[in-house]
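Student: the sequence and its predicted three-dimensional model are supplied below.
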Amino acid sequence: MAMPEKRYLLTPGPTPVPPQVLAAMAAPVEHHRGPDFKQLFGRCLARLREVFRTEGEVLVFTASGTGAMESAIANLCSPGDRVVVPSAGHFGERWAALAEAYGCEVSGLAYAWGETPAPDDLEARLRELGGATAVLLTQSETSTGVVCDVEALARVAKAAGALVVVDAVSSLAAVPLEVDGWGVDVAISGSQKALMTPPGLAFASVSNAAWAATERSTSPRYYFDWGRTRRAQQKPQSPFTPAVPIVAGLDVALGLLLEDGLESAFAHHARLGRACREGVKGMGLELFSPDEDRSAVVTAVKVPEGIDGRELVLEIRDRFGVTLAGGQGRLEGKIVRIGHIGWFDVFDIATALAALELALHGAGAEIERGVAVTRALDVYAGARV
């Protein structure tokens, strides 16, 4: 009998799941209206507030992160409301598309993919427009590897009287996000990124100002109605049947995160990102994502001239069992993305770099061989390069 092939998941989402989380999900399914699940769900809600760093409520939906993003538009905005969207990648464009679907007047603040939105630009646009109902931000633009300065952007938006809504789907628990401390009105996230849980749950933290805005919104909503969700969670339960096994896994994952401390998670992700970037540079490749510690979610690498990034990603998966992410949208075929959020360690980074090196060499790329893994391990250990 052939040995089963070993697989490595090294994308920015979904991410690998710890065995303790998988074990919790394999337990017999609880009835979602029963006392045991209510206790479990209530503990999850309390732990989510700690991770979001908010005293406000965190709403839970059985959906992808995009579902929670849509819930923000539906509950905060009315048709004709002006929203400003600083966009520098695929997920910034998703914010704009969602707002347009609900009839909002979308004022884009467009950047080239790979650039970082600047607070001064946002301030000028809001001044030019005379304000906006909301500013829709993307903290971690996983299509490019850019992590923006939410604290500075939120300060500008709040000064202009706008609600601050942040896509933190891939950034929550990976890089710092102070929801209350930075004046973020709504932060969106999902279970399948740095929270080390399979896909299926989405979250939205809601400030008092955001709750007030829901009273003015005339957009239709039902499943994603924040008021309905809030009333159910006060019991505590979900208004509709939740993904019970995923909630059980999330409870364990949140416990692991909080036991070690969020600051420890932030530092760990920064070290992994630093190691990955140095390994890529050691190979002689060019980074697409910024070479800075804040860029700790995903490392985006430019594919050498003459090589198709789509074929490269497939070759790495099929030949070595290593799943990396390709480029999205206009970057398809041009970059490869290595994720390093959640349940990762430096040996995962070494595996990704080794597989990338072997596949590029096999494709005839001129790269420096035998350097990347050593450089990454040295940098992770704190050595200067």
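Tutor: Everything's here; your move.

Student: which residues in the stretch 151-300 of the chain form helices?
Tutor: Here the stretch 151-300 of the chain has its helices, by DSSP state H, counting those that start in this stretch, at 208-216, 226-233, 244-260, 262-282.

Student: just those helices: most buried one?
Tutor: Ranked by mean neighbour count, those are led by helix 262-282 with a mean of 22 (mean count of other C-beta atoms under 10 Å). For the C-beta atoms, the positions are set from N, CA and C on the backbone; glycine is no exception.

Student: and the angle for that helix with helix 244-260?
Tutor: Angular relation of helix 262-282 and helix 244-260 on a 0 to 180 degree scale: 90 degrees, by axes from the mean of the first three to the mean of the last three C-alpha atoms, to 10 degrees.

Student: what is helix 262-282 packed up against?
Tutor: Contact analysis of helix 262-282 by 3 or more C-beta pairs under 8 Å, 6 or more residues apart in numbering; DSSP states H and E lists strand 298-302, helix 346-362, helix 372-380 as its packing neighbours.

Student: so which of those is the most packed in?
Tutor: When the helices and strands packed on helix 262-282 are compared using mean count of other C-beta under 10 Å, strand 298-302 is most buried, at a mean of 27.

Student: what's downstream of that strand, the next helix or strand?
Tutor: Moving toward the C-terminus from strand 298-302, the next helix or strand (DSSP states H and E) is helix 309-320.

Student: next, the angle strand 298-302 makes with that following helix.
Tutor: On the basis of the same axes, to 10 degrees, helix 309-320 is oriented at 110 degrees to strand 298-302.

Student: give me the residues contacting the next helix or strand after helix 309-320.
Tutor: Going down the chain from helix 309-320, the next helix or strand is strand 322-323, by DSSP H and E. Outside of strand 322-323, the residues that reach it under the criterion C-beta atoms under 8 Å, 6 or more residues apart in numbering are 7-11, 316-317, 351-352, 355.

Student: mark which of those residues are buried, thanks.
Tutor: When the contacts of strand 322-323 are checked for burial by 16 or more other C-beta atoms under 10 Å, the buried set is 8-11, 316-317, 351-352, 355.

Student: circling back: can I get the helices of the stretch 151-300 of the chain in a markdown table with distance to Glu366 and mean pLDDT?
Tutor: As requested, the helices of the stretch 151-300 of the chain are exported to a markdown table (distance: least, C-beta to C-beta, whole Å; pLDDT from 0 to 100):
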| stretch | distance to Glu366 | mean pLDDT |
| --- | --- | --- |
| helix 208-216 | 52 | 98 |
| helix 226-233 | 54 | 98 |
| helix 244-260 | 42 | 98 |
| helix 262-282 | 14 | 97 |
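
Student: can you add distance to Phe347 and give the ones you listed back as TSV?
Tutor: Putting the helices of the stretch 151-300 of the chain into TSV (distance: least, C-beta to C-beta, whole Å) gives the following:
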stretch	distance to Phe347
helix 208-216	41
helix 226-233	39
helix 244-260	18
helix 262-282	11
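
Student: go through these and name the closest to Leu40.
Tutor: helix 244-260 (5.7 Å; C-beta to C-beta).

Student: helices and strands around the closest one, which ones?
Tutor: By 3+ C-beta pairs under 8 Å, 6+ apart, helix 244-260 packs against helix 19-25, helix 35-52, strand 201-206.

Student: just the CA coordinates for stretch 39-52, please, in CSV.
Tutor: Provided in CSV are the C-alpha atoms of stretch 39-52 (Å, rounded to 0.1, in the frame of the first residue of the first chain):
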residue,chain,number,x,y,z
GLN,A,39,-22.3,28.0,28.0
LEU,A,40,-19.8,27.3,25.3
PHE,A,41,-21.2,30.1,23.0
GLY,A,42,-21.2,32.6,25.9
ARG,A,43,-17.5,31.8,26.6
CYS,A,44,-16.7,32.3,22.9
LEU,A,45,-18.4,35.7,22.9
ALA,A,46,-16.4,36.8,25.9
ARG,A,47,-13.1,35.6,24.5
LEU,A,48,-13.8,37.3,21.1
ARG,A,49,-14.2,40.6,23.0
GLU,A,50,-10.7,40.1,24.4
VAL,A,51,-9.2,39.3,21.0
PHE,A,52,-10.9,42.3,19.4
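
Student: for that stretch, buried residues please.
Tutor: Taking 16+ other C-beta under 10 Å as the neighbour-count basis, stretch 39-52 is seen to contain the buried residues 40-41, 44-45, 47-49, 51-52.

Student: need the helices and strands packed on helix 262-282 in JSON lines (columns: distance to Ala275).
Tutor: Output for the helices and strands packed on helix 262-282, formatted as JSON lines (distance: least, C-beta to C-beta, whole Å):
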{"stretch": "strand 298-302", "distance to Ala275": "9"}
{"stretch": "helix 346-362", "distance to Ala275": "5"}
{"stretch": "helix 372-380", "distance to Ala275": "4"}
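
Student: next, format these as a markdown table and append distance to Phe266 and mean pLDDT.
Tutor: Converted to a markdown table, these look like this (distance: least, C-beta to C-beta, whole Å; pLDDT from 0 to 100):
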| stretch | distance to Phe266 | mean pLDDT |
| --- | --- | --- |
| strand 298-302 | 15 | 98 |
| helix 346-362 | 16 | 97 |
| helix 372-380 | 15 | 96 |
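
Student: pLDDT weak spots in this structure?
Tutor: Within the chain, the segments meeting pLDDT under 70 span 1-4, 383-385.
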